[in-house]
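Q: What follows is a predicted structure for the sequence shown.
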Amino acid sequence: MSAWGQLHGLVVLEVFGHTGFLGEHQAEVFRMSMLKLLEDVRGRINTAQGR
């Protein structure tokens with residue numbers, strides 16, 4: 001649920017132009033946020049499987 005919330009929030013911010021202050025770095029910030037989200041999800045899956 002938290003992954004969906006983060007993804008949705010980032011997309012909404014971008015769609016409605018609330019990331020304009022990042023200038024030319026918008027795509028990189030979005031990309032890095034998605035990579036961190038994926039890393040977090042993978043960590044949670046691995047932890048859950050290890051139980």
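A: Perfect, thanks for sending it.
Q: When you work out contacts or count neighbours from here on, use the C-alpha atoms and nothing else.
A: Fine.
Q: so how far is the helix or strand containing residue 42 from its chain's centroid?
A: Element membership of residue 42 [criterion: DSSP states H and E] is helix 26-49. Here helix 26-49 is found 7 Å from its chain centre; the criterion is Cα atoms, centre = their mean, to the nearest Å.
Q: tell me which residues of it are tucked away?
A: For helix 26-49, a neighbour-count test (16 or more other Cα atoms under 10 Å) marks 30, 34, 37 as buried.
Q: can you list the residues that contact it?
A: Contacts with helix 26-49, where a contact means Cα atoms under 8 Å, 6 or more residues apart in numbering, come from 3, 6, 7, 10, 19, 20.
Q: how about the CA coordinates for that helix, as PDB?
A: Taking C-alpha atoms only, helix 26-49 is exported to PDB below (Å, rounded to 0.1, in the frame of the first residue of the first chain):
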ATOM      1  CA  GLN A  26      12.800  16.400 -12.800                       C
ATOM      2  CA  ALA A  27      13.300  13.200 -14.700                       C
ATOM      3  CA  GLU A  28      16.400  12.200 -12.700                       C
ATOM      4  CA  VAL A  29      14.600  12.800  -9.400                       C
ATOM      5  CA  PHE A  30      11.600  10.800 -10.600                       C
ATOM      6  CA  ARG A  31      13.900   8.000 -11.800                       C
ATOM      7  CA  MET A  32      15.800   7.800  -8.500                       C
ATOM      8  CA  SER A  33      12.600   7.900  -6.500                       C
ATOM      9  CA  MET A  34      11.300   4.900  -8.500                       C
ATOM     10  CA  LEU A  35      14.600   3.000  -8.000                       C
ATOM     11  CA  LYS A  36      14.400   3.600  -4.300                       C
ATOM     12  CA  LEU A  37      10.800   2.500  -4.200                       C
ATOM     13  CA  LEU A  38      11.700  -0.700  -6.100                       C
ATOM     14  CA  GLU A  39      14.600  -1.400  -3.700                       C
ATOM     15  CA  ASP A  40      12.200  -1.000  -0.800                       C
ATOM     16  CA  VAL A  41       9.600  -3.300  -2.200                       C
ATOM     17  CA  ARG A  42      12.200  -6.000  -3.000                       C
ATOM     18  CA  GLY A  43      13.600  -5.700   0.500                       C
ATOM     19  CA  ARG A  44      10.100  -6.200   2.000                       C
ATOM     20  CA  ILE A  45       9.400  -9.200  -0.200                       C
ATOM     21  CA  ASN A  46      12.800 -10.800   0.700                       C
ATOM     22  CA  THR A  47      12.100 -10.200   4.400                       C
ATOM     23  CA  ALA A  48       8.600 -11.600   4.200                       C
ATOM     24  CA  GLN A  49       9.900 -14.700   2.400                       C
END
